[in-house]
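Participant: just need the structure, nothing else, for what follows:
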Amino acid sequence: MNQNLFIIGPVASGKNTLLDNLKRKYNINVLDTGKLYRYLALFAIQKTTINPDYQKLFENDKQEETRIIQELYRWNRTFEESLNKLEIIDGKLVVEGQDVTDDKLYSKEVNGIISLVAKSNLIRKRILNFINNDFGKRVGNYAMTGHNIQEIDTTQFTTIFLDITDEKAAERLYGRNPTSYKSIVEAYKEVVERNRKDGINLTKDLLPMLYNYIYIDTTDLSEEQVEEIAIREMQKIEKQNEKFNHLQNDKSINRREFEWIFNPFLEIIKAYLDRNLDRFLIGKNFISKTDLEYQVLIKMCSYPIEELFQGDIQLLIKINNGIENRNNDGMQNLIKEMIDGKVIFNSSLIDDEIQNQINRLNNLYESISTKQIMAQLNNSDNKQTISLKDIVYRKVDRNISEFIARNCHYLHTPREDEFISYGAFVKGEPLPIAWVSFSKQDREYKKQLLYYLGIEPQNTLEMTRAWCSNSAPQNIMSSLFQHSIDYANKEWKKLKKDGKVNKDLQAITTTINPNLGFKASSFLGCNFVPFALRPARFTYGKKENSMEYMTRREIESNGFEYYENQFNILPLNEIILCLNKRKQEQILKGKIYVMDKSNYDKILNEGEKDGKDIDSDEEQR
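Facilitator: Residues are numbered from 1 along each chain as shown. Next comes the predicted model:
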């Protein structure tokens, strides 16, 4: 077994039983994290001058409790030194060759202050560092139990969550020691209270955001069945991690060799659109030229390459193959052949598609009021009168955010799982002229990448949408990104204070689609850096003679025929901003990682079976 294991769950769910069974099978070291807290409580009693007044503590004297907590902070460095001397051998705590026995760890004196030691955020931080630094270096050597995922860096462990109903847990507790409880009702009350204190519900809610986790409901299972399921799932995770590690060793890109390249076919089409769209938009000022351009570019990918470009087919095939391999020579070759007349651009097809997309967008803006709002937002003349001094930054109301996502952003679909959205407003105006939206991580491929980098996906956000109106002043997006990131971090801290998340926000990620000409300059100006590539695809639904870009779920729900892009498109660029500067420096020193196409297709297919709409390009900015 090449995994560290962290087994958590409600009271009496079978954590220690599974731990013992796995220890016998794999000969691994084990530890209950509670012993680390008891070790530091014992150290505080024996090696410091804190001298707890146990009588006052027994009487719940708040002044004495406050004094001890303050003293724990004062002895912080000494606690750190004591942990540096600690070794874990076969589940036992050993200091300078001597076992720290259970009779010392569970003495009355330790019991008297253990709750105060466990409450100390600074002590918790020291223990967390010890666990992750010590155990993280010894892959496959350790398994332990704990109360919640706050106690560990989940990227260093496979988390096994054993669930059980409160009723069954009470039955198990009472059955083990009936003399300890007046009745099974008393056992039930203890179960509920202990699970509340341990934050079991929060941990359970966060589980789906982890990458390597195993969930087992033990309520109606035997010990043997729980062990069998755990081992089977551990083996699947191990194989998956090995495959991904091999992939990165073979295909990841040296950062110095990474280039931000663009799709040669779409760049030629984009240049044509930049020159010609204005004449199609006369009298249609409610349609954004930028939005129309993106709609046409996406739609053109549904045509075979020989319909878009006519001439030297072998050259077109060669350029198309180069796109898949991120070959940057295609653009120059295509331009040269067009100049020489060997390749001809089918402009009439583009013109027809421009008109089709204008009609589609016209139908999207059903009401006159929506068209009037869009015309105001698209009025580039306002750019001359609005400066950054006129802008205020604030949270965007959910209804307004949905309006922007549906009408302004080129994907024209709101995210149902939006965490927060933030906007740049002209003072006194109800609608933002620039807008960003954040969601929590829910894509398995992104979790896998973050896990590989040592970043906990449950403590990151994805910037899922970003939009800027034609009337916005220059550089507004860079300013908005910085303000929105600061705000998102503050909102996360509030959630942590309210007990809805268990750690600080670690990173913000987003996905950039270079096929549409996105350069990510505003993101890069805010210190985002590329860290991965993943396959891209455009999906289309066809009914009768009409074919349009849409997600797989839309295609299936409407009973349309399914199509994908007919020529190669570039992989999407994943970029990241780590809020920890040291981690960001590590990313900068690392490679550009990749997602294997076969793995990615498998993830998409599994997502469809689970009813998840995880269309590959729904996140593009």
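
Participant: which ones are touching the nearest residue to D166 once chain neighbours are set aside?
Facilitator: Spatial nearest neighbour of D166, excluding adjacent residues (C-beta to C-beta, 6 or more residues apart in numbering): V191 at 5.1 Å. C-beta here means a position set from N, CA and C on the backbone, and glycine is covered the same way. Counting by C-beta atoms under 8 Å, 6 or more residues apart in numbering, V191 makes contact with P10, V11, A12, D166, A169, A170, L173.

Participant: and the third one, how far is that from L105?
Facilitator: It refers to A12. Distance, A12 to L105, using C-beta to C-beta, to the nearest Å: 22 Å.

Participant: what mean pLDDT does the one helix or strand M477 maps to get?
Facilitator: Element membership of M477, judged by DSSP states H and E, is helix 476-497. The average pLDDT for helix 476-497 rounds to 94.

Participant: ok, now stretch 407-418?
Facilitator: pLDDT averaged over stretch 407-418 gives 91.

Participant: with stretch 320-335 instead?
Facilitator: On average, stretch 320-335 scores 80.

Participant: so A12 and L105 - more neighbours on which side?
Facilitator: A12 (26 against 19; other C-beta atoms under 10 Å).

Participant: distance-wise, check that one relative to V94.
Facilitator: 30 Å.

Participant: what of K542?
Facilitator: 69 Å.

Participant: please apply the same query to G175.
Facilitator: For G175, the distance to V94 - C-beta to C-beta - is 35 Å.

Participant: who has more neighbours, those two?
Facilitator: V94 (14 against 11).

Participant: tell me what the helix ranked longest in the chain is packed against?
Facilitator: The longest helix of the chain (DSSP state H) is helix 223-251. Applying 3 or more C-beta pairs under 8 Å, 6 or more residues apart in numbering; DSSP states H and E, one finds that helix 223-251 contacts helix 15-26, strand 158-163, strand 213-217, helix 444-452, strand 593-594, helix 597-609.

Participant: for the record, mean pLDDT for the longest one?
Facilitator: Looking at helix 597-609 alone, the average pLDDT works out to 55.

Participant: the first one too?
Facilitator: For helix 15-26, the per-residue pLDDT values average out at 89.

Participant: not counting residues beside it along the chain, what's closest to A170?
Facilitator: Y188 (3.8 Å).

Participant: could you look up the SS state of that neighbour?
Facilitator: helix (DSSP: H, G, I helix; E, B strand; the rest coil).

Participant: quick one: low-confidence ranges for the stretch 201-350 of the chain?
Facilitator: By pLDDT under 70, the low-scoring segments of the stretch 201-350 of the chain are 330.

Participant: show me where it has its strands.
Facilitator: Secondary structure of the stretch 201-350 of the chain, counting by DSSP state E, counting those that start in this stretch: strands at 213-217, 309-311, 343-345.

Participant: would you put the C-alpha positions of stretch 373-387 in CSV?
Facilitator: The C-alpha coordinates for stretch 373-387 follow below in CSV (Å, rounded to 0.1, in the frame of the first residue of the first chain):
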residue,chain,number,x,y,z
ILE,A,373,-29.9,47.8,-21.4
MET,A,374,-27.6,45.9,-23.7
ALA,A,375,-27.3,48.9,-26.0
GLN,A,376,-26.2,51.1,-23.1
LEU,A,377,-23.7,48.6,-21.9
ASN,A,378,-22.3,48.2,-25.4
ASN,A,379,-21.9,51.9,-26.1
SER,A,380,-18.2,52.4,-26.5
ASP,A,381,-18.6,56.2,-26.5
ASN,A,382,-19.1,56.0,-22.7
LYS,A,383,-15.5,54.7,-22.5
GLN,A,384,-14.4,58.3,-23.1
THR,A,385,-16.4,59.8,-20.2
ILE,A,386,-15.9,57.0,-17.5
SER,A,387,-12.6,56.8,-15.6
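
Participant: tell me the buried residues in it?
Facilitator: Neighbour counts over stretch 373-387 (16 or more other C-beta atoms under 10 Å) mark I373, M374, Q376, L377, N378, N382, K383, I386 as buried.

Participant: quick one: which of these is nearest to F244?
Facilitator: F244 has its nearest neighbour among those in L377, at 43.0 Å by C-beta to C-beta.

Participant: and M234, how many neighbours?
Facilitator: With other C-beta under 10 Å as criterion, M234 counts 20.

Participant: likewise Q295?
Facilitator: Using other C-beta under 10 Å, Q295 has 23 other residues around it.

Participant: quick check: it touching R360?
Facilitator: Yes - assessed by C-beta atoms under 8 Å, Q295 is found in contact with R360 at 7.2 Å.
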